[in-house]
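**Q** prediction below, plus the sequence it came from.
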Amino acid sequence: MSERRLRAFVSGWALVGVAAVLAWAVYRLGGRGLDAIQGGLDGRQWVVLILLTVGFVYTEGVRTLDRKWVPTVVER
């Protein structure tokens, strides 16, 4: 196997591993979130849930993962 193909394989394997770790976290925490929603929320709790979700998606998803962390992982 050439060095270029080996590097591509290792990079792909690492990206699959990182994606698997993130997917496992979403799976575990998603169940807890669905249980809370199915348990019933009042109006104030819905507003807080929506505000926190939008805030976390922007700060953790867009600013951290998309702009900083993922490009660093892909670069390595």
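**A** Okay, I see it.
**Q** nearest residue to the middle of the chain?
**A** Leu22 (5.0 Å; CA atoms, centre = their mean).
**Q** how far away is that one from Arg4?
**A** 27 Å (CB to CB, to the nearest Å). For every residue, glycine as well, the C-beta is placed using N, CA and C.
**Q** kindly report the same for Arg32.
**A** From Arg32 to Arg4 the distance is 43 Å (CB to CB).
**Q** also Leu52?
**A** Taken as CB to CB, the span from Leu52 to Arg4 is 45 Å.
**Q** again, but for Ala36
**A** From Ala36 to Arg4 the distance is 48 Å (CB to CB).
**Q** again, but for Gln45
**A** 53 Å.
**Q** repeat that for Val57.
**A** Counting by CB to CB - Val57 and Arg4 are separated by 37 Å.
**Q** the more surrounded of those two?
**A** Val57 (11 against 8; other CB atoms under 10 Å).
**Q** of all the residues in stretch 20-39, which ones are buried?
**A** Across stretch 20-39, burial judged by 16 or more other CB atoms under 10 Å covers no residue at all.
**Q** what does that stretch contact?
**A** Contact with stretch 20-39 is made by Leu49, as judged by CB atoms under 8 Å, 6 or more residues apart in numbering.
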